[in-house]
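Visitor: With the input below, show me the fold.
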Amino acid sequence: MKHFENIIIGFGKAGKTLAGSLTKNGQEVLLIEKDPLMYGGTCINVACLPSKNMIINAQRGTDYDKAIATKNELTAKLRNKNYHKVADQANATVLTADAEFIDDQTIQVSDDSGKEKLTADKIFINTGSTPILPDIPGLKDSSHVFTSKTLLDQSKQNKNIAILGDGPIGLEFASMYAQFGSQVTLISQNKTILNQLEPEIANAAKEDMSIDGVQFLLNSQLIKVTETTDGIILDIDTPNGKQSLNADALLVATGRRANTDDLHLERTNIQTGHQGEILVNDRLETNVTNIFAMGDVAGSPQFTYISLDDWRILNNQFFGDQTRTRANRPVFANTIFLNPAISSVGQNETQLQKEERPYQVFKMPTAGVPKSQVIGDPRGSYKVLIDAKTHQILGATIYAEEAYETINVISLAMQNNLPAEALRDQIYTHPTMTEALNDLFAEL
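Guide: Numbers count the residues shown, from 1 in each chain. Okay, the predicted model is just below:
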């Protein structure tokens with residue numbers, strides 16, 4: 001039975017980065033990944049980078065066929081780079097194999113050469129998350145039903161696509177396919193989209209998506225999927241009664257859950273939560289000594305940059321001053337890459353009202369930013385909430401071109417307890433979308 005200092009299961013953002021810091025500090029690492037097309041993790045292969053590459057090309061008016069080819073070239077290059085970044089380290093080995101637990105101390109790996117049992121001083125689980133497929137008659141049996149991963153594998157554009165779910169993935173794909181010229185219908189059981197955001201900005205985004213060609217069936221339930229010779233028929237309960245919808249494809253984007261099924265954790269004492277996530281403490285330790293979990297599988301917010309921050313926590317615990325934990329994770333924003341994008345950080349106005357916390361609201365239309373006119377897309381608006389006394393920023397929502405860049409400046413100010421005046425008085429390059437912050441807080 002082979003023994004290693006460290007075994008990492010899953011080639012995700014945290015896992016591959018941890019492999020690098022462990023080897024840099026002279027430790028031995030075995031990194032196990034079951035899928036040779038997933039070296040580097042979900043983000044670079046099937047999620048963040050390929051989808052955003054497709055979204056950008058759709059907004060540029062690139063043909064779908066060319067966009068797919070560009071995306072495939074990008075992911076192949078990044079996958080190869082990530083593989084060698086780990087495999088070329090003197091103390092690291094990448095093993096392409098299935099991994100499962102035999103007990104708390106033993107892992108069994110299986111590949112074409114057979115099976116082998118392994119042990120390690122420390123075991124790290126970084127297997128990410130997997131799409132949730134709802135139990136709807138006909139859905140799981142149809143060849144025209146896709147997840148975000150399998151849909152991006154399609155070389156031929158679906159001209160009439162339905163999307164189930166109004167989360168970030170569903171909305172991004174809806175916007176993207178509409179830009180590519182497909183007929184898009186988004187089905188959601190919710191009465192509105194973007195419920196976590198400021199209502200006026202959510203409504204504006206929905207109106208713009210509708211103008212771009214997305215049809216919304218809200219407050220609706222998909223009840224049946226029927227396969228046809230060249231597509232599917234969707235039976236839907238809507239507020240106006242039952243409706244049948246013909247489509248070439250259905251994208252299921254109803255959320256993701258921890259990817260642990262193949263690990264056979266039932267053979268161990270590792271505790272899991274109600275959503276299947278591996279339970280960890282603030283230092284990412286499981287209840288079993290020397291077994292850790294990180295990223296989506298540990299119930300962390302499902303962003304690749306949070307997986308990276310999980311690595312920072314472990315790296316600090318092993319090789320730093322041991323001050324970083326999940327409890328003191330820095331302020332972070334999130335973005336939904338629509339057309340234009342929506343970025344947010346902190347609290348919204350509804351949350352502050354419930355807390356009965358005194359606050360001030362600062363708003364401005366995107367059209368007031370010169371760079372939006374240069375780009376040619378003045379849609380959207382800025383909304384920032386600040387503490388009425390200290391003027392520290394409590395939350396922000398930006399619906400504008402390059403929102404994903406500007407929001408990071410606001411996050412940095414929040415993390416460092418800077419008042420809004422610091423952003424108001426900063427000198428920004430011109431023309432940029434960030435200089436909106438000069439005018440946004442001008443009356444402060």
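
Visitor: wait, isn't Ile223 in contact with Asp237?
Guide: Yes: contact between Ile223 and Asp237 holds when scored by Cβ atoms under 8 Å: they sit 5.6 Å apart. In this view, the C-beta of every residue, glycine as well, is placed from N, C-alpha and C.

Visitor: Can you pull the phi/psi pair for the closest residue to Asn290 other than its chain neighbours?
Guide: By the measure of Cβ to Cβ, 6 or more residues apart in numbering, the closest residue to Asn290 outside its immediate chain neighbours is Lys122, 4.8 Å from it. Torsion angles at Lys122 (phi, psi; degrees, to the nearest 10) stand at phi -140, psi 140.

Visitor: and Lys122, how many neighbours?
Guide: 18 (other Cβ atoms under 10 Å).

Visitor: Can you pull the poorly scored residue ranges out of the stretch 201-350 of the chain?
Guide: When the per-residue scores of the stretch 201-350 of the chain are filtered using pLDDT under 70, no range remains.

Visitor: what about the helices in it?
Guide: For the stretch 201-350 of the chain, the helices identified by DSSP state H, counting those that start in this stretch occupy 304-319, 349-355, in order along the chain.

Visitor: export those to CSV and tack on mean neighbour count?
Guide: Converted to CSV, these look like this (neighbours: other Cβ atoms under 10 Å):
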stretch, mean neighbour count
helix 304-319, 20
helix 349-355, 13
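
Visitor: nearest to Ile211, of these?
Guide: Nearest to Ile211 among these is helix 349-355; the distance by Cβ to Cβ comes to 25.6 Å.

Visitor: So which elements touch that closest one?
Guide: Using 3 or more Cβ pairs under 8 Å, 6 or more residues apart in numbering; DSSP states H and E, the elements in contact with helix 349-355 are strand 359-365, strand 381-387, strand 393-399.

Visitor: wait, which of these is closest to Ala76?
Guide: For the helices and strands packed on helix 349-355, proximity to Ala76 was assessed by Cβ to Cβ; strand 393-399 is nearest, at 33.4 Å.

Visitor: Can you tell me what sits against the closest one?
Guide: 197-198, 201, 204-205, 340-349, 351-352, 357, 359, 366, 379-387, 406-407, 410, 413-414, 418, 420, 423 (Cβ atoms under 8 Å, 6 or more residues apart in numbering).

Visitor: Could you tell me the end-to-end distance of stretch 261-270?
Guide: Start-to-end span of stretch 261-270 (Cα to Cα, to the nearest Å) is 13 Å.

Visitor: Also stretch 18-33?
Guide: From the first residue to the last, stretch 18-33 extends over 14 Å; the measure is Cα to Cα.

Visitor: On the three-state scheme, Gly15 is what?
Guide: When states are read from DSSP: H, G, I helix; E, B strand; the rest coil, the local structure at Gly15 comes out as helix.

Visitor: ok, it - contacts?
Guide: Taking Cβ under 8 Å, 6+ apart as the test, what Gly15 contacts is Ile8, Ile9, Leu31, Gly41, Phe124, Asn126, Met294, Gly295.

Visitor: quick one: which of those residues is nearest Phe318?
Guide: Nearest to Phe318, judged by Cβ to Cβ, of those is Phe124 at 10.9 Å.

Visitor: Pull the contacting residues for the closest one.
Guide: If you count contacts by Cβ under 8 Å, 6+ apart, then Phe124 has Asn6, Ile7, Ile8, Ile9, Gly15, Leu18, Ile291, Phe292, Ala293, Met294, Leu314 around it.

Visitor: Which one of these sits in the busiest neighbourhood?
Guide: Most neighbours among those, by other Cβ under 10 Å: Met294, with 32 neighbours.

Visitor: my guess is it contacts Ile125, does it?
Guide: Yes: counting by Cβ under 8 Å, Met294 touches Ile125, with 7.4 Å between them.
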